[in-house]
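**Student:** Okay, predicted coordinates and the sequence, questions at the end:
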Amino acid sequence: MAVRTVLQQADITRALTRVAHEILEANRGSAGLVLLGIPTRGVELAERLGALLTEFAGMPGWSCPVGSLDVTMYRDDLGRNPVRSPAPTRLPSEGVDGRTVVLVDDVLYSGRTIRAALDALADHGRPAAVRLAVLVDRGHRELPIRPDFVGKNLPSAASERVNVLLTGTDGSDAVTIGDGAE
Amino acid sequence: MKHLLSTRDLDRATALQILDVAEDMAATQQREVKKLPTLRGKTVVNLFFEDSTRTRISFEAAAKRLSADVINFAAKGSSVSKGESLQDTAQTLEAIGADGIVLRHPASGAPAVLAGSGWIAASVVNAGDGTHEHPTQALLDTFTLRRRIHGDGSRGRDLDGVRVLIVGDILHSRVARSNVWLLSTLGAQVSLVGPPTLVPFGIGDWPVTVGHDLDAALADTAFDAVMMLRVQTERMADAFFPSSREYSSNWGLTAARFMVLPEHAVVMHPGPMNRGFEIASGAADSPRSTVREQVANGVATRMAALYLTLTGGAQ
Amino acid sequence: MTAYVLVGARLADGTATDLLLDGGVIAEVGSGLSRAGATRIDADGLLALPGLVDLHTHLRQPGGEGAETVLSGTRAAAAGGYTAVSAMANTDPVADTASVVEQVQALGEAAGYATVRPIGAVTRGLAGESLADIGSMARSRARVRMFSDDGVCVADPLIMRRALEYIRGFGGVLAQHAQEPRLTIGAQLNEGPTSAELGLAGWPAVAEEAIIARDVLLAQHTGARLHVCHLSTAGSVELIRWAKGRGIAVTAEVTPHHLLLTDRLAQGYDARFKVNPPLRADEDVAAVRAGLADGTIDAVATDHAPHPDDSKTCEWGAAANGMVGLESALSVVHQAMVETGLLDWAGVERVMSRAPARIGDIRGHGEPIGVGAAPELVLYDPSAREDFGLGRLAGASRNSPYLGRSLPGRVVATFHRGAPTVLAGAVLDADEVASRA
């Protein structure tokens, strides 16, 4: 099994920094922004992006609202895989109505997780707009979904495995790619 | 988890998983939109060989909140009268395409027989079988108790060292059996008190202490929870105890006994209550009573049970 | 009639010998036997025992032909090495008149697989209220000597007393199903840890012991003979031991399943393990084994109780009591008593052939193998061991608790009235057997 590292810690930090700037630019500032990470690693990414946004926005007294949005109960593959335990959903106290919600996930692949997230989000309220930020876009979309903010485009074969490691969850930052035969 | 038949065969990790998923389900029930698409396209049959409107509507609400199609099937005749055979009914449901069967049956072990029969491919959830078990009731009781003790930090927590007293007709109580196993598995210390005629012969190996004197038990131990069981007054005719007055004065949670409980202790009852018999209204309606929470938590707990048994394909 | 030479069989005492069956008796015993025209059967390594005798068989005919018939039940008997069975009275109609018992016996004769000795009911319709036609049955062609309401207990002490006295007058024995009815209302499983856990209504040992205690005292008072059916508890063994010590005319039987199986098998609610009396605890199994070994319990009786599948593939509470046992009995006793060293093969011969023939007054059976003895024999391969499968069942029902369980030994041949009913482990064709009858 060959595994190679495609992003190191510094690469990830640079990518998140760029994405944070792009979000502020696209949103024309910080008004109404809410970040919702998709468990597990999307939550840590959202928290890190939120901290960068708070810093770059430079608005005294404003810190970027960050929450988590669990999509387990909205998945369309529950009967095909071993049973999943859901993770908590925590919405910022501001809620999502009328906000610009940026969904944050680690890897964008088939798009099914994001489809589930859009359904889940709709059950919590009616945002003014929903955007999507991902650390890695590896292609192979099965649904008409595209990201607004991408840390790294990483063309891959369907048989390969893309792994995102994050300091808070895994002890260190890295993105690796390996052939599927683990 | 293909079936949920008893709490006796739940290990600690699985029990906690169900309770934690129930926490997530409970959280969704605080939202304006309570319905989840999770079991869309699945069919859940509430197969009740015994009347129990409360349990049936709780399962029905749980299945509907998860977007399952629900069919209620009130089968006629008990096992003894051989009204409708379990096999014939099960095969009918299989032909209809049931994915889950929630079974209430007057015969102990009927869900185990159904699950092990090969008649059906559906998952089986035991909604109370004879005098054997009622696992979702024990799970919702435990869920309620854990919340009272650990609050919002309940996820992942067990009941280590929590002292629970179960009072009443242990012999005929499936609720008591399911609670004994589940509470013990989660680390609670369980005591049973009831009339000697209503404590089963042969419970020497159970992980509990057994007594017959309620006042002595209350004086001896500062319980964190007291669970009162429903007593069928028909038991009186079968000479299990002399009179309802005698029962009440010896094993009822009277106002005086309620006063003796520690400040923090909660009072539980699986319902429906015989007020003034096994439980005084003052105790049943006090803020320390969890009776209404138990009902509300029943839906979340049963959502968790249905979710965990009906999803998960290639394992 | 064809003569048979069984070559190189081993008797219960260990001696190897040839046996010549001819002219309706065991004609010769010794080595190097031959007879012109005789069929030679290689019995090398096989144990030869007198044909087994069952005191307690439910043949279900008349009325329960969906579960068993006299023909199918005696085929099962032959497969298990039995040459005589006692047909219990709880048929429909009940065997409480001479015509029913004569019919059952005639069906047995016609089938030809084994001697069928009908048991008469003690009370009319097994209702426990008035006596059945005991005298008529005793004097009928069926010559009934054993009377039993098995399935239900003769619970009323006054009726029991009268029945004991009345049956004594005809030289018979009353076989009691000891089960105090009020202590077993709704009972489902031996009362103990397993019944408590499974939520199955308890069937206490005392419900059996209370009746046995009463009945041995009634037997003493009336001077009548009492036989205790399917004794199952340690306390019952003690009571029989006490009664025999007092010289009371009591005998007792134990079933193979009570020698081997316990109530813990009910844990999956598999109703194949539902039986009356219920499977008991480890200490009861140890006590009935010891009682059988020391002679307190006289005989093994199968309580062969066939039921159709749908009476067993249902909830425990709705399922019928009983298990088939004829085909498996010798293997079960082999495992429970011989492999444990509690009985040798001579002991097995005693408890499965000689004692039951004596208790039931079943003539021409249970005679020690020797010149002039009745040619009722079983050849058994004690070295075999296999998972007991459906192929071993020869009756009409399949409710055996042993399916899938490894058991020792195997019946290779059975001879009834000098001719085989089983050869090379296979039950002979019904037409062939009937043609000799």
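**Tutor:** That came through, no problem. Every value quoted in this text rests on a predicted model; they were computed, and no experiment measured them.

**Student:** For the closest residue to chain B within the stretch 51-200 of chain C, give its distance to chain A.
**Tutor:** The minimum distance from the stretch 51-200 of chain C to chain B, using Cβ to the nearest Cβ, falls at C:Gly199 (3.4 Å). Yep, even glycine has a C-beta here, placed from its N, CA and C like the rest. Between C:Gly199 and chain A the computed distance is 29 Å (Cβ to the nearest Cβ, to the nearest Å).

**Student:** surely that residue meets B:Asn126?
**Tutor:** No: contact criterion Cβ atoms under 8 Å: C:Gly199 and B:Asn126 do not qualify, at 11.5 Å.

**Student:** quick one, phi/psi of the closest residue in space to C:Ala84 that isn't next to it in sequence?
**Tutor:** Spatial nearest neighbour of C:Ala84, excluding adjacent residues (Cβ to Cβ, 6 or more residues apart in numbering or on different chains): C:Thr115 at 4.0 Å. Main-chain torsions, C:Thr115, degrees, to the nearest 10: phi -70, psi 130.

**Student:** When C:Gly199 and B:Asn126 are compared, which one has more neighbours?
**Tutor:** B:Asn126 (30 against 24; other Cβ atoms under 10 Å in any protein chain shown).

**Student:** what about the more buried one, which SS state?
**Tutor:** strand (DSSP: H, G, I helix; E, B strand; the rest coil).

**Student:** what does B:Val190 give?
**Tutor:** Applying three-state DSSP: B:Val190 is strand.

**Student:** Can you report how many residues lie near the closest residue to it other than its chain neighbours?
**Tutor:** Spatially, and ignoring its direct neighbours in sequence, B:Val190 is nearest to B:Val208 (4.5 Å; Cβ to Cβ, 6+ apart). Using other Cβ under 10 Å, B:Val208 has 18 other residues around it.

**Student:** got the contact list for B:Val208?
**Tutor:** B:180, B:184, B:190-192 (Cβ atoms under 8 Å, 6 or more residues apart in numbering or on different chains).

**Student:** One more: C:Gly425?
**Tutor:** Neighbours of C:Gly425 in contact, by Cβ under 8 Å, 6+ apart: C:410-413.

**Student:** rewinding a little: what touches both of C:Gly199 and B:Asn126?
**Tutor:** B:Glu133.

**Student:** which ones are touching residue 64?
**Tutor:** I'll assume chain A. A:30, A:33, A:35, A:49-51, A:53-54, A:57.

**Student:** That was the other one, I meant chain C.
**Tutor:** C:91-92, C:306 are the contacts of C:Gly64 under Cβ under 8 Å, 6+ apart.

**Student:** which residues of chain A fall in helices?
**Tutor:** Taking DSSP state H to define them, one finds helices in chain A at A:9-26, A:41-57, A:112-124, A:167-170.

**Student:** Please read the previous query as pertaining to chain B.
**Tutor:** B:12-28, B:53-65, B:86-96, B:110-116, B:135-150, B:174-185, B:214-220, B:234-237, B:244-251, B:255-260, B:281-284, B:291-310.

**Student:** Convert the C-alpha atoms of the third one to CSV, please.
**Tutor:** Coordinates of each C-alpha in helix B:86-96 appear next as CSV, following Å, rounded to 0.1, in the frame of the first residue of the first chain:
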residue,chain,number,x,y,z
LEU,B,86,-47.7,-15.9,15.6
GLN,B,87,-46.4,-17.7,12.5
ASP,B,88,-49.3,-16.9,10.3
THR,B,89,-49.4,-13.3,11.3
ALA,B,90,-45.7,-12.9,10.9
GLN,B,91,-45.7,-14.4,7.4
THR,B,92,-48.6,-12.0,6.5
LEU,B,93,-46.4,-9.1,7.6
GLU,B,94,-43.4,-10.4,5.7
ALA,B,95,-45.5,-10.6,2.6
ILE,B,96,-46.6,-7.0,3.1
